[in-house]
Each structure stands twice: as C-alpha cells, then as structure tokens.
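Colleague: Below are the sequence and a predicted model for it; my questions follow.
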Amino acid sequence: MRRIAGRLGRQTPLAAPPARPFAGVPEAYAAVRTTPQERYDQFAANWSALTGTVWTVRAADAADAVPALARRICAERGIDRAIRMDHPDLAALPLDAALAADGVAVVPWRADGADGADGFAADGADAAGPGSAWSRRSPLLRAAERCRLGIVCADYAVANTGTLVVLAHGGRGRSVSLLPDTLFAVVRADRLVTRMGEAFEAIRRDYPDAATMPSSITLITGPSRSADIENDLTIGIHGPGSVYAVVIEP
C-alpha cells in the first residue's frame, strides 16, 4: 500500500477512506426525462444495433399479432420446440395454440414441476444413458435444453442500453431465456425505462422483502457475445444467438 501511495504522490497511505459527498449517478443524468415515444425509439435503435429484431403491436391486436410473430420466427428458423414462461401476460395470448397449429410443441415452465415437459425430457434420454448426469436433471431443465425457442415476458426494458430485464421466480425460470438458441421476448410499453437505475429502483420497490426477491436478474443486451483473450468474438455461446422483442403499446 505504501508503494501505491508513493506512486500517487503521497508519503503514507490514507488513514481514513476519502469522503463521498455524492451517491448515485450525477444529478444532471438523473434529471433526464424522456417521453414514452423517445424511450421506445431509443430502445429500438439500441436493440437493432445489437442485431436484435424489434416490433410494436397495439394491445388491442396483441392476441393475434404476437402469436403471428412467434409463428413467423419458428417458420423462418425451422423451430419445432419452444418453452415459455408461465406468466399471466403470456397466458393471455394464445401462443401455445397458434404454435401447435404449425406443429411447434410448447412447454410452459411451471413453478409446480414438470407438467407437459416429460415428453421433451425423455426424448434422447436413451442416447445419454439412464445413469447420466443429464438424465438426472429436472424434466423442466432437460426440456429447456432441447427447445430452440425461449419465450419470456420481460419485466423491464432499458432504453439507453437496449437491455431487457428478466426476473426469475416461480414459473419464470431463468433457463427459458438462457438455454434455447433463439429468444422471443414480450414487454409492455409501460415497462420501458430510460436508464438501468430506474429498473433497479423499481425492483427494490416491488420486492422490499429479501425473502420474496427473485432468485436472479437476467440482463439481456442483444445476442450472447463471448470473446477470448485474443478478442475472437463468438455469438450464442452463453445464451441465445438470435433475439427478438415485441413491445405492446396501449
């Protein structure tokens, strides 16, 4: 520490921590206010710059438009299996029936267990072996591993970074957004915020009790990107390689 202090031009290390008269982001940044349209435009621009695809639909048309977009994704990418969060906003949309009409099987991630996942989980178990680590995983997790589309309802969307905020708890398992190679996210326009701090403030407000806090917070800023020490970029290693978002406007 003395050597570091010397490099900083001090004879001895500090005996007390430096004062911190300010906390949080600069006041000028915190004071920025944006309109709903500005938030959407900024989110769409940033999400698209990250090679994501974004659409908007009116709430009155969502029951038809959102399943149609999901069917379009599956048709274009040759997807025949999907897993979705057990979320009331998704349950209000006839996604399962619409995808089933195209031969796409959908498993809901239910908090109470593997209802509907057994067929997916068992598929391929013989190849892995009855005593394998894969066969000992929960049916829901094994089902998610074998689905190519994950359907989630984002809790918030951050405009200035193009980020989706997805909370995991109950029927909203984090594996739904992490294991499939394609992500389809639904978010309400009133859940668009300007900056990340607003989303964290809202989470603290919605979950004041530590016992009820979500088990994890997943921040999704475009497709998964990974790079090694030589800066070789690879897409889709630690999460979906293709991402789609639909914003439901009032």
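Modeller: Done, it's in.
Colleague: how many neighbours does residue 191 have?
Modeller: For residue 191, the neighbour count with other CB atoms under 10 Å is 19. Where you see a C-beta, it was placed from the backbone N, CA and C, and this is true even at glycine.
Colleague: List the contacts of it.
Modeller: By CB atoms under 8 Å, 6 or more residues apart in numbering, the contact list for residue 191 reads 154-157.
Colleague: All the strands of this protein, in order from the start?
Modeller: Applying DSSP state E to the chain gives strands spanning 53-58, 81-85, 105-109, 149-153, 156-158, 163-168, 182-188, 192-193, 216-220, 225-227, 233-235, 242-249.
Colleague: Strand 242-249 and the first one, what's the angle between them?
Modeller: It refers to strand 53-58. Per axes from the mean of the first three to the mean of the last three CA atoms, to 10 degrees, the angle that strand 53-58 makes with strand 242-249 is 20 degrees.
Colleague: Strand 53-58: which residues count as buried?
Modeller: 54, 57 (16 or more other CB atoms under 10 Å).
Colleague: Ok, stretch 226-244 next?
Modeller: 239-244.
Colleague: And for stretch 32-52?
Modeller: 34, 39-40, 42-44, 46-47, 52.
Colleague: what mean pLDDT does that stretch have?
Modeller: Mean pLDDT, stretch 32-52: 95.
Colleague: Contacts for it next, please.
Modeller: Applying CB under 8 Å, 6+ apart, the contact partners of stretch 32-52 are 54, 56, 157-162, 189-190, 192-195, 221-223, 243-245, 247, 249.
Colleague: Quick check on those residues: which are buried?
Modeller: Listed as buried from the contacts of stretch 32-52 are 54, 157-162, 189, 192-195, 221-223, 243-245, 247, 249; burial here means 16+ other CB under 10 Å.
Colleague: for stretch 5-20, which positions count as buried?
Modeller: Per 16+ other CB under 10 Å, stretch 5-20 contains no buried residues.
Colleague: residues in contact with that stretch?
Modeller: 1-2, 4.
Colleague: let's see it at 6 Å
Modeller: residue 1 (CB atoms under 6 Å, 6 or more residues apart in numbering).
Colleague: start to end distance for it?
Modeller: With CA to CA, to the nearest Å as the measure, the ends of stretch 5-20 fall 19 Å from one another.
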